[in-house]
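Enquirer: kindly generate the corresponding structure for this input.
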Amino acid sequence: MSTLTTHRYALAPYTGPKSRTTCPICDKPRCFTRYLDTESGELLPDEYGRCDRETNCGYSLTPYARPASGGLSYAAAVRRNERPTARPPANRPPAVVPRKQVLTIPADVFRASLTGYEQNSLATLLRQHFGWGIADELLTRFQVGTSAYWPGACVFWLIDERGRVRGGQVVLYDETGHTAKQQKPDGTSYRFTRWAHTALAATHRRRGTPLPAWLSDYQQHGQKSPCLFGLPQLTAAPAGQAVALVESAKTAILATPYFPQYVWLATGGLSYLTPARVSPLKGRRIVLFPDAGALAAWQVKATELRGLGFTVEVSDKLETLATADERAAGLDLADVLLTEWPGYPPSWDN
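Expert: Below you'll find the model as predicted:
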């Protein structure tokens, strides 16, 4: 029987730019998420938190980590100095902790997106690269949606191992197959990516229509990335087939025809490579394919997972093949595949 454990310390939820502070290592403003004491509501000292710049900085310090020099972790030190929690009176029953509700995207919203591929930038890229047959098989296999939030945008739906649509990400790609960007007046780049529920809410506001009850609830309590991308493939995959994990959903889709010996899944980001999200893969051989420049960070994650009983390997192929500039740019497997094979010649259809 499993036991649910609630940790006292958790990363502070995002409530706006001011809820993020300057990283104590890279000194970048508004990119550092501090730990919160969920009992007192107070933030922990400045050094406890995680930098959002996973590849360029990667600083992370949890209050449960023991210092390298030895001694107690922050959490253990606090426990040692506290008195035991008083038991409830004998005539008062213990409080019942309600189970956390699993919020999902309605089936009709999900199904309505599984069309319009003639306007979908990812569908266009796949058809140009593989031809219509394989491209449409991939769109069906990964249940890719189309979004009207930006003309040409796609939706990577996050569907858990039980088939529940737990969330999604809207992405617009440019003609080169990269995420579309736009230069802002301050010199920074605006990336055309949105969480699906955020895009849906913005569409309702633009139309002047009220938010459905489910969407209002999801905005307040839904998880941004509750599971790995591509999990439904596991239902038909043999138990002995290895799983390949990459960061980008696009990379998982592109790599599938090239390397069919793996079931290709995506994390959506290094911070989402956690034991909870990887739990459906327990018992399978897992091979991590980090982007160039991120090998060391993924090796740390692999060590953590091995300690919890997962069978994990890390591929260093991209790291050894990439140039210094490519490592700095975060070259991924999709970049290599798109460069090595220029595309499916239309003449083949004749």
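Enquirer: what's the closest non-adjacent residue to residue 135?
Expert: With sequence-adjacent residues excluded and distances taken as Cβ to Cβ, 6 or more residues apart in numbering, residue 135 is closest to residue 126, at 3.7 Å. Every C-beta, even on glycine, is put in place using the N, C-alpha and C of the backbone.
Enquirer: tell me the contacts of that neighbour?
Expert: 134, 135, 138, 139, 253, 254 (Cβ atoms under 8 Å, 6 or more residues apart in numbering).
Enquirer: how close does it sit to residue 289?
Expert: Residue 126 is 19 Å from residue 289, where distance means Cβ to Cβ, to the nearest Å.
Enquirer: could you report the pLDDT at the most centrally placed residue in the chain?
Expert: What sits nearest the mean C-alpha location of the chain, by Cα atoms, centre = their mean, is residue 268, with 2.9 Å. pLDDT for residue 268: 93.
Enquirer: give me the neighbour count for residue 160.
Expert: A total of 18 residues lie near residue 160 under the criterion other Cβ atoms under 10 Å.
Enquirer: ditto for residue 72
Expert: Neighbour count for residue 72, taken as other Cβ under 10 Å: 12.
Enquirer: that one contacts residue 65, correct?
Expert: No - contact criterion Cβ atoms under 8 Å: residue 72 and residue 65 do not qualify, at 10.7 Å.
Enquirer: helices of this structure, residue ranges please.
Expert: Using DSSP state H, the helices assigned to the chain run over residues 74-81, 107-112, 121-130, 132-141, 196-207, 213-221, 249-258, 275-278, 295-307, 317-321, 324-329, 333-340.
Enquirer: buried set for the shortest one?
Expert: Spelled out, it's helix 275-278. 277, 278 (16 or more other Cβ atoms under 10 Å).
Enquirer: quick one: low-confidence parts of the protein?
Expert: Counting by pLDDT under 70, the chain contains low-confidence residues at 1-6, 26-27, 54-57, 67-71, 81-100, 341-350.
Enquirer: outline the domain layout of it.
Expert: Following automatic domain parsing, the chain resolves into domains at 7-83, 101-227, 233-350.
Enquirer: give me the distance from the last one to the chain's centre.
Expert: What that stands for is domain 233-350. Once both centres are worked out by Cα atoms, centre = their mean, to the nearest Å, domain 233-350 turns out to sit 13 Å from its chain's centre.
Enquirer: picking that back up, now the helices of the chain in JSON lines, with distance to residue 34?
Expert: Shown next, in JSON lines, are the helices of the chain (distance: least, Cβ to Cβ, whole Å):
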{"stretch": "helix 74-81", "distance to residue 34": "12"}
{"stretch": "helix 107-112", "distance to residue 34": "34"}
{"stretch": "helix 121-130", "distance to residue 34": "36"}
{"stretch": "helix 132-141", "distance to residue 34": "40"}
{"stretch": "helix 196-207", "distance to residue 34": "23"}
{"stretch": "helix 213-221", "distance to residue 34": "21"}
{"stretch": "helix 249-258", "distance to residue 34": "29"}
{"stretch": "helix 275-278", "distance to residue 34": "21"}
{"stretch": "helix 295-307", "distance to residue 34": "20"}
{"stretch": "helix 317-321", "distance to residue 34": "31"}
{"stretch": "helix 324-329", "distance to residue 34": "28"}
{"stretch": "helix 333-340", "distance to residue 34": "33"}
